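Student: sequence first, then the predicted structure:
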Amino acid sequence: MQAFIDRLSQVSPIPVMVRATLENVLAPETINRIFVEHAVSQSHRVLLFSSVVEIMMLVVCRLRPSVYAAFTLLEGSLGVSAKSVYNKLSLIEPQVSRMLVVETAQKISDLINELQVFETSPIPGYEVRILDGNHHPASHHRLKVLRDVAAGPLPGQTLVVFDPVRRLVVDCVPCEDGHTQERAIVTQLLDPITPGVVWIADRNFCTCTMLFELNLHHAYFVIRHHAQLSLHRQGPVNDCGVCESGHLYEQQVVITDSSGEQLTCRLITIELSNPTRDGDQEIRILSNLPASVGAAIIAESYRDRWQVENVNLELVKHFASEQKSLGHPPATLFAFCLSLVAYNVLAVAQASLRSVHGEAASPENLSSYYVAHSLASGWEATMLLDETFWEERYSGLTAAKFAAELKAIALHLDIRKYRKHKRGPKKPPTPRTRFRNTPHVSTKRLLDEAKLLAKS
């Protein structure tokens, strides 16, 4: 066994690191405890929640093409039918899916701290959280109530909270109603609020409730102003110079809520050099950060919110986060939340590589495509070892000991095979003017003509 795992670590280090992290972070007793503590109406007397997580993890990591394919792989150890699995998925409560992300993110954050791999904070000296909403695409019309529905059935939406320093998704709020406004469910993130943390968000989250609650709990915000939020301007407009996006101005403003309470904050206006895709000529940002944090830093930190958009892109490209075949909203939301867990687990592997290989394994140089491909191609080899081997070896390790194990495995990886290949700027397309009135043309004849022209 030991000789095999040593050889496997040399040949396929990324699948070994991911499998080991799954055993350490998603130990069955931990997953089942989360279910017992947060489930209200469901039970797991027949089918354990940890078994459902194991099935869906194979699907969201693209290791199996469907829930049924993953079920057939594990059928012998489950003792239930496929229908029982689908029934379980359709009833998983949103708070269970959320806490699965939150609690595993805390363990993974401890691992990142041990690996000592951090990105630079968008606002130096402050913990930062980037908030964004994710609307899930319309599902297939497999449910009986959807058979005669012409419109696209929306399975829900999820608010995602991203830690840009550790590059982890640390919280999320799944909502089963696809038509609910984001600002209506953001209040679930506001209990509790950690003092001193800076929240960066788009204008959809610019509400009196959001701004006043953050300020009340001594947290900070960098949120784009929404036109529906009334402001009372005070004092002069100060010229703060230029940034990459345009010219900066700052002014003090007062916000008044429905009860008459007032909040004084800063309004940073960016007169854009180039208009946005929506045609906006300027961006207005509200912040209660102290004056020691300059307007330019606030403006640049708002630009950094694209990182959470990059998370959504990674989920679509490398994980099966959008399960359109699962029509029930709880099942779709659970699959998405589990893909967030998988994203965090893969972030641990990437952090382990960076702790050993340095900047060669940084996000700017390490190809997430090659990492995901290595995971998918080498996963079957990890299944040759018995489940109890992985559990006994990795599930009980502390963060410090497990981080040391990950570093030892990461040493075997040839980082040159996983670097990004950055291409130059694209050439403008050549106008297609020849043979416009002909449906087809022979490529060979064109090549022959080109050769004759070259010889002449």
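Tutor: Great, that's in hand.
Student: how about the helices of the stretch 301-450 of the chain, start to end?
Tutor: Using DSSP state H, counting those that start in this stretch, the helices of the stretch 301-450 of the chain run over 306-318, 329-357, 368-382, 387-394, 399-410, 443-455.
Student: now the longest one and helix 399-410, what's the angle there?
Tutor: Orientation of helix 329-357 against helix 399-410 (axes from the mean of the first three to the mean of the last three C-alpha atoms, to 10 degrees) gives an angle of 70 degrees.
Student: ranges for the helices of the stretch 151-300 of the chain?
Tutor: For the stretch 151-300 of the chain, applying DSSP H, counting those that start in this stretch gives helices covering 182-185, 208-216, 295-303.
Student: mind putting these in JSON lines, distance to Pro124 included?
Tutor: All C-beta atoms are positioned from the backbone trio N, CA, C, and that covers glycine. Below are the helices of the stretch 151-300 of the chain laid out as JSON lines (distance: least, C-beta to C-beta, whole Å):
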{"stretch": "helix 182-185", "distance to Pro124": "29"}
{"stretch": "helix 208-216", "distance to Pro124": "20"}
{"stretch": "helix 295-303", "distance to Pro124": "8"}
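Student: what about the closest residue in space to Ala351 that isn't next to it in sequence, neighbour count?
Tutor: Leaving aside its chain neighbours, Ala351 sits nearest to Val117 (4.2 Å; criterion: C-beta to C-beta, 6 or more residues apart in numbering). Burial of Val117, expressed as a neighbour count using other C-beta atoms under 10 Å, amounts to 23.
Student: three-state assignment of Val117?
Tutor: Under DSSP: H, G, I helix; E, B strand; the rest coil, Val117 falls in the coil class.
Student: who's in contact with stretch 21-34?
Tutor: Residues from elsewhere that reach stretch 21-34 (C-beta atoms under 8 Å, 6 or more residues apart in numbering): 44, 48-50, 53, 57, 96, 99-100, 103-104, 107-108, 111, 341, 345, 348-349, 390-391, 393-395, 397, 402, 406.
Student: elements contacting the helix or strand bottoming out on mean pLDDT in the chain?
Tutor: Every helix and strand in the chain was compared by mean pLDDT, DSSP states H and E; the lowest is helix 2-11, with a mean of 78. Helix 2-11 is packed against helix 13-25, helix 368-382, with contacts defined by 3 or more C-beta pairs under 8 Å, 6 or more residues apart in numbering; DSSP states H and E.
Student: mean neighbour count, those helices: which tops it?
Tutor: helix 13-25 (a mean of 24; mean count of other C-beta atoms under 10 Å).
Student: between helix 387-394 and the following helix or strand past that helix, find me the angle.
Tutor: Proceeding N to C from helix 13-25, the next assigned helix or strand is helix 28-38, under DSSP states H and E. With the same axes, to 10 degrees applied, the angle from helix 28-38 to helix 387-394 works out at 90 degrees.
Student: now the following helix or strand past helix 28-38: average pLDDT?
Tutor: As assigned by DSSP H and E, the chain's next helix or strand after helix 28-38 is helix 49-60. For helix 49-60, mean pLDDT is 91.
Student: which helices and strands sit right next to helix 49-60?
Tutor: Helices and strands touching helix 49-60, by 3+ C-beta pairs under 8 Å, 6+ apart, are helix 28-38, helix 67-78, helix 82-90, helix 329-357.
Student: if we can go back for a sec, residues touching the residue nearest to Ala351, list them.
Tutor: Going by C-beta under 8 Å, 6+ apart, Val117 touches 351, 354-355.
Student: just Gln116 next, same as before
Tutor: For Gln116, the contact set (C-beta under 8 Å, 6+ apart) comprises Ser355.
Student: tell me the pLDDT of it.
Tutor: In this prediction Gln116 is given a pLDDT of 92.
Student: and the one 4 residues further on, by the same measure?
Tutor: Turning to Thr120, the model gives it a pLDDT of 90.
Student: what about it, neighbour count?
Tutor: Residues contacting Thr120 under the criterion other C-beta under 10 Å number 9.
Student: give the buried residues for stretch 104-117.
Tutor: 104-105, 107-112, 114-115, 117 (16 or more other C-beta atoms under 10 Å).
Student: and the closest residue to His225 other than its chain neighbours, bridged to which residues?
Tutor: Closest residue to His225 apart from its sequence neighbours, by C-beta to C-beta, 6+ apart: Arg284 at 4.0 Å. Arg284 has the following beta-bridge partners by DSSP bridges: Thr269.
Student: now do the contacts for Arg284.
Tutor: 224-225, 267-270.
Student: gap between the closest residue to Glu119 other than its chain neighbours and Pro13?
Tutor: Excluding the flanking residues, the one nearest Glu119 by C-beta to C-beta, 6+ apart is Val165, at 5.3 Å. Distance from Val165 to Pro13, counting by C-beta to C-beta, to the nearest Å: 25 Å.
Student: can you tell me how far Met99 sits from Ala320?
Tutor: For Met99, the distance to Ala320 (C-beta to C-beta) stands at 22 Å.
Student: neighbour count: the two, which is higher?
Tutor: A count of neighbours by other C-beta under 10 Å puts Ala320 above the other of Met99 and Ala320, at 23 against 19.
Student: now the more buried one. Its backbone dihedrals?
Tutor: Backbone torsions of Ala320, given as degrees, to the nearest 10, read phi -90, psi 70.
Student: so who does it touch?
Tutor: With contact taken as C-beta under 8 Å, 6+ apart, Ala320 is in contact with 59-62, 335, 339.
Student: and if you look at His232?
Tutor: Taking C-beta under 8 Å, 6+ apart, one finds 253-256 in contact with His232.
Student: can you list the residues you listed in JSON lines and add pLDDT, distance to Asp414 and neighbour count?
Tutor: Below are the contacts of His232 laid out as JSON lines (pLDDT from 0 to 100; distance: C-beta to C-beta, whole Å; neighbours: other C-beta atoms under 10 Å):
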{"residue": "Val253", "pLDDT": "94", "distance to Asp414": "55", "neighbour count": "18"}
{"residue": "Val254", "pLDDT": "94", "distance to Asp414": "59", "neighbour count": "13"}
{"residue": "Ile255", "pLDDT": "93", "distance to Asp414": "55", "neighbour count": "22"}
{"residue": "Thr256", "pLDDT": "91", "distance to Asp414": "61", "neighbour count": "13"}
